[in-house]
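# structure for this input, please:
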Amino acid sequence: MVDHCTIGSHQPRRYPRNVAMTRTSSLHARFFGVPIAALALLVLVAALGPQPLAAQSNEDDEPSETDIRRNYSLYWEDFQNENYAMALPNLEWILEHAPHFPRDDDRNFRRAIEAHENLAQRADTEEARMEHLNRALDILENAPERIKELELRHDEYRWARIYGVFLQTHGHHFDADALPKTEVDAYLTAYEMDPERMDPYFIDRIISGLTDRDRQEALDFMDRVEQERDDSEIMEMITEARDDLFTSPEERYEFIVSRLENDPENPDLLQERYNLEERMGMRDQMYETAEKLLDLQPSAQAYFDVGSMYLDDGEQNEAIAQFERALEQDDLTDELRADIEFNMGNAFRQQDRLPQARRHYRNAIDINPSYGAAYLAIGDLYTQAVANCEGPMEREDRAVYWLAVEYYERARDADPAMERAANQKIQTFQRFFPNQEALFFRDDWEVGASFRIDYGCYSWINESTTVRAPV
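All right, here's what the predicted structure looks like:
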């Protein structure tokens, strides 16, 4: 778990056996011809297990360079081979007598934590596990101060993060009240040291921990992160975390309003306020928020949204004005342009201005030939024209339904999503086609022939269709 650096190209020096004391390897020496007393001594050394090589020297003596190198070399060899139990005695000797060796940095302390963590994971009993975990925790608590006193090279941010990872991994083994700090506090300490270095994963751990502890504290931290980090992944994570904090749109809305008091020209907050107002049906507030958004950040989408809102409320002229502004924006896309043209068609249709409505529906189709809703809308214009025409319904009025059904068929063919609606309209209006008697009295109404709708109430249509048989 704890990250550590290697010594790189530096390798511990190897000393001749007559200089370097050995541990259990002494048992491998030949014993033929060795005096019995010497052999017994070797057996005793083996029974005692691994011991720091310098243990025989007087503890009051300053350790020699040779002692330091021997102990370091032996512990590092065992550590590399993940033989942590064998490594610990010599590693602890190094921590006591030469913690600076070999590079005047904190590596020996970090390795001691890693060794105890691994031994805890391998422990057969809970007692043995906790012995190693408590030793690792003690180093985490006290080593940083000693490292500073020794003026060893170290990274405070790294130590704070290591502490957090330790508590995240092993904290459940401890009594929470007995721990000097929590995981979230350790990670917070690291974040405060260097906000830019902290990985989004650890920021998420902080947010989760603070949320469990105090919602306002979590919100304050998220506000701080938004100001200090410019990272799309983190921003998305914060948005999701905020959403999880609130149980209702009303609660979320109250929070957004409070944030806007301190940051009234924040377009993201205003957009979220607008969305919540729309969701809760707060129409009056929506208009106010929309105007602020347009002042701060005019865009084609914003004008379109406001225009659609006016259209929903039956304010067609205002809706058309907003749609026209949307069409003037530099950020306009073809997809949005088609939607704007379609909605302008709807606005004119609500005013019963059918020719103008058709023009905008056709514009939408010119931009996107698969715009099935626009074909459907033109068919509806023609059926509406029949309903608007005064007087009794004549066979020439019924002929308009041929053209309307033709557009419904085009809608179905252009966009599969329109199939159900189009089929329903086709079934409805084909029943009003001119009957067989009407076809008989018109010489130019032969099934399959072309017929132009350009007379009376329908002169504005001026479009040809195909004569159809009665259904």
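# from now on I want contacts and neighbour counts done on CA atoms only, so please keep to that.
OK.
# okay, helices next: where are they in the stretch 301-450 of the chain?
Assigned by DSSP state H, counting those that start in this stretch, the stretch 301-450 of the chain shows helices spanning 316-327, 334-350, 354-367, 372-388, 395-414, 419-429, 436-441.
# what residues sit buried inside the first one?
Right, the one you point to is helix 316-327. Gln316, Asn317, Glu318, Ala319, Ile320, Gln322, Phe323, Glu324, Arg325, Ala326, Leu327 (16 or more other Cα atoms under 10 Å).
# show me what it is packed against.
helix 300-312, helix 334-350 (3 or more Cα pairs under 8 Å, 6 or more residues apart in numbering; DSSP states H and E).
# and it, how far from the chain's centre?
Here helix 316-327 is found 35 Å from its chain centre; the criterion is Cα atoms, centre = their mean, to the nearest Å.
# give me the contacts around it.
Helix 316-327 has contacts (Cα atoms under 8 Å, 6 or more residues apart in numbering) with 299-304, 306-311, 332, 337, 340, 344, 347-348, 350-351.
# ok, and what's touching stretch 181-190?
156-158, 160-161, 163-165, 167-168, 171, 198, 202-203, 205-206, 209-210.
# any of these buried? List them.
If we count by 16+ other Cα under 10 Å, those have these buried: 157-158, 160-161, 163-165, 167-168, 171, 198, 202-203, 205-206, 209-210.
# excluding chain neighbours, what is closest to Leu219?
Arg242 (7.4 Å; Cα to Cα, 6 or more residues apart in numbering).
# where's that neighbour, which helix or strand?
Per DSSP states H and E, Arg242 falls inside helix 232-245.
# ok, back up a step: out of the helices of the stretch 301-450 of the chain, the one nearest Ser450 is which?
helix 395-414 (10.8 Å; Cα to Cα).
# other SSEs contacting the closest one?
helix 372-388, helix 419-429, strand 463-466.
# off-centre distance for the longest helix seen in the chain?
Ranked by residue count and defined by DSSP state H, the top helix of the chain is helix 126-149. Relative to its chain's centre, helix 126-149 lies at 36 Å (Cα atoms, centre = their mean).
# what's the domain layout of the chain?
By the assignment in automatic domain parsing, the chain contains the domains 1-154, 369-471.
# burial count for Ala241?
Using other Cα atoms under 10 Å, Ala241 is surrounded by 18 other residues.
# helix or strand with the lowest mean pLDDT in the protein?
When each helix and strand of the chain is scored by mean pLDDT, DSSP states H and E, helix 36-48 comes last, with a mean of 39.
# state the mean pLDDT of whichever helix or strand comes after it.
Per DSSP H and E, helix 36-48 leads on to helix 65-80 as the next helix or strand towards the C-terminus. Mean pLDDT, helix 65-80: 97.
# what helices and strands are in contact with helix 65-80?
helix 84-97.
# who are the packing partners of the host helix or strand of Glu114?
Per DSSP H and E, Glu114 falls inside helix 107-122. Applying 3+ Cα pairs under 8 Å, 6+ apart, one finds that helix 107-122 contacts helix 84-97, helix 126-149.
# average model confidence for the helix or strand containing Val165?
Using DSSP H and E, the element containing Val165 is helix 156-170. For helix 156-170, mean pLDDT is 96.
# check stretch 456-467 too.
With pLDDT averaged residue by residue, stretch 456-467 scores 97.
# repeat for stretch 273-287
pLDDT averaged over stretch 273-287 gives 90.
# with only the CA atoms kept, save that stretch in CSV.
The C-alpha trace of stretch 273-287 is given here as CSV (Å, rounded to 0.1, in the frame of the first residue of the first chain):
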residue,chain,number,x,y,z
ARG,A,273,-31.7,27.4,-11.0
TYR,A,274,-33.6,27.8,-14.3
ASN,A,275,-33.7,24.0,-14.8
LEU,A,276,-35.1,23.5,-11.3
GLU,A,277,-37.6,26.3,-11.7
GLU,A,278,-38.8,24.6,-14.9
ARG,A,279,-39.0,21.2,-13.1
MET,A,280,-41.1,22.7,-10.3
GLY,A,281,-43.3,24.8,-12.6
MET,A,282,-42.1,28.2,-11.3
ARG,A,283,-42.9,30.1,-14.5
ASP,A,284,-42.5,33.6,-13.2
GLN,A,285,-39.1,32.9,-11.7
MET,A,286,-38.0,31.1,-14.9
TYR,A,287,-38.5,34.3,-16.9
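# off-centre distance for that stretch?
Distance, centroid of stretch 273-287 to centroid of chain: 26 Å (Cα atoms, centre = their mean).
# what's the answer for stretch 212-229, then?
16 Å.
# which positions in it come out as buried?
In stretch 212-229, counting by 16+ other Cα under 10 Å, buried: Arg215, Ala218, Leu219, Phe221, Met222, Val225.
# Ile367 and Ala338 touch, don't they?
Yes. Under the criterion of Cα atoms under 8 Å, Ile367 makes contact with Ala338 at 6.0 Å.
# who's more crowded, the two?
Ala338 (23 against 16).
# and Pro89, how close does it get to Glu141?
Pro89 sits 21 Å away from Glu141, going by Cα to Cα, to the nearest Å.
# same deal with Ala347?
In terms of Cα to Cα, Ala347 sits 70 Å off from Glu141.
# okay, the two: which has more neighbours?
Neighbours were counted for Ala347 and for Glu141 using other Cα under 10 Å; Ala347 has more, 28 against 14.
# contact partners for the more buried one?
Counted by Cα under 8 Å, 6+ apart, Ala347 has contacts Leu311, Gln316, Asn317, Ala319, Ile320, Ala357.
# who's in contact with the residue nearest to the fourth one when sequence neighbours are not counted?
Here the nearest residue to Ala319 in space, its sequence neighbours aside, is Gly307; by Cα to Cα, 6+ apart that works out to 4.1 Å. For Gly307, the residues meeting the contact criterion (Cα under 8 Å, 6+ apart) are Glu318, Ala319, Ile320, Ala321, Gln322, Phe323.
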